[in-house]
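A.B. asks: Below are the sequence and a predicted model for it; my questions follow.
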Amino acid sequence: MSHLRIFTLDEAEQTLPLVRHIAADIRSAYRDWQDAVTRYELEAAGATADSGETEVLRSLRESVGVQAERVAGLVDELQALGVELKDFEQGLVDFYALREDRLVYLCWRLGEEHITHWHEVDAGFTGRRPVDEHLTRGVVP
């Protein structure tokens, strides 16, 4: 990422309706991609080198590519907002923020009404802590 966007808690909250929509689309598209991969692998398991790529196998392979492009496009939408996707299945995303002038992540996942947790940049979901008064709420200085 060439430009790092640092969110205040208020700014991150304001993006949630859009982020929520994109994260839900990503989870759905990711599941579609997984299904396409499974169908392709099952069909490919029955193929032989002598038979070459059948029309069915080619179609399934193309479907995998289309689904992968859809997922990648949705991830790009999040990244364009300055948001990082951390987990496809959970719809887990992080927003860079400042806590006592230190770079941290505000952490949110699908199903959560608001951003209620943060964690260190080098920690993951298990390092989540409740949002407190040390997070920048308003305009970033």
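C.D. replies: Looks like it arrived, so ask away.
A.B. asks: When you work out contacts or count neighbours from here on, use the C-alpha atoms and nothing else.
C.D. replies: OK.
A.B. asks: which residues in the chain form strands?
C.D. replies: Ranges of strands in the chain, per DSSP state E, are 83-87, 92-99, 102-109, 117-120, 129-130.
A.B. asks: pLDDT score assigned to the residue nearest the centre of the chain?
C.D. replies: For the chain, the residue nearest the mean C-alpha position is Leu85 (2.8 Å; CA atoms, centre = their mean). Leu85 carries a pLDDT score of 97 in this model.
A.B. asks: Please apply the same query to Thr126.
C.D. replies: Confidence score, pLDDT, at Thr126: 85.
A.B. asks: For it, give its distance to Gln79.
C.D. replies: As judged by CA to CA, to the nearest Å, Thr126 and Gln79 stand 23 Å apart.
A.B. asks: where does the chain have low pLDDT?
C.D. replies: 1-2, 48-51, 138-141 (pLDDT under 70).
A.B. asks: Could you identify the longest helix within it?
C.D. replies: helix 9-45 (DSSP state H).
A.B. asks: quick check: angle from that helix to strand 102-109?
C.D. replies: 60 degrees (axes from the mean of the first three to the mean of the last three CA atoms, to 10 degrees).
A.B. asks: In helix 9-45, which of the residues would be classed as buried?
C.D. replies: Judged by neighbour count (16 or more other CA atoms under 10 Å), helix 9-45 contains these buried residues: 9, 11-13, 16, 19-20, 22-33, 36-37, 39-40, 44.
A.B. asks: And for stretch 93-100?
C.D. replies: If you call a residue buried by 16+ other CA under 10 Å, then stretch 93-100 has these buried ones: 93-99.
A.B. asks: Residues contacting it, please?
C.D. replies: Contact with stretch 93-100 is made by 4-9, 12, 82-87, 103-109, 134-136, as judged by CA atoms under 8 Å, 6 or more residues apart in numbering.
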